[in-house]
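A.B. asks: just the structure for this:
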Amino acid sequence: MSLDKRQELQAELDAVNAEIQEHPLSSERAKAANDLMDRHDGDDEAAIDRDLAAHDLPSRKELAKMVSLRMFSWSRLHRKQVKLEKKLADLND
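C.D. replies: Down below sits the predicted model:
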């Protein structure tokens, strides 16, 4: 493939990566809330809710809503990312 095609694919991949970074599920608050919940593995829900609130992070309910509303676009972006990465890798073979 030509250099132009490689540059076009790379520009597409860069745009997709930027969209992923700007996606609500990639936000620092969402990441921090998920990390906090992971550290509470096995704790009761009330303790998790208190800790999230104490750190001014989205509640479990807010996170669940965010995931249910945004998962489709998140998945679509990641599928597109994988396809573009594969096309670029194939050009190098």
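A.B. asks: grab the most central residue of this structure for me.
C.D. replies: When Cα atoms, centre = their mean is applied to the chain, the residue found nearest the centroid is residue 26 (4.1 Å).
A.B. asks: host element of the nearest residue to that residue once chain neighbours are set aside?
C.D. replies: Excluding the flanking residues, the one nearest residue 26 by Cβ to Cβ, 6 or more residues apart in numbering is residue 20, at 6.0 Å. Yep, even glycine has a C-beta here, placed from its N, CA and C like the rest. Under the criterion of DSSP states H and E, residue 20 resides in helix 3-22.
A.B. asks: now swap in residue 41 and tell me
C.D. replies: Using DSSP H and E, no helix or strand contains residue 41.
A.B. asks: just residue 65 next, same as before
C.D. replies: In the assignment (DSSP H and E), residue 65 maps to helix 60-92.
A.B. asks: re earlier: any idea how far the residue nearest to the centre of the chain is from residue 18?
C.D. replies: Separation of residue 26 from residue 18 (Cβ to Cβ, to the nearest Å) stands at 11 Å.
A.B. asks: where does the chain dip in pLDDT?
C.D. replies: For the chain, residues meeting the criterion pLDDT under 70 lie at 1.
A.B. asks: got the buried residues for stretch 10-30?
C.D. replies: 12-13, 16, 19-20, 25, 30 (16 or more other Cβ atoms under 10 Å).
A.B. asks: wait, stretch 62-69
C.D. replies: Neighbour-count burial for stretch 62-69, counted by 16+ other Cβ under 10 Å, picks out 63, 66.
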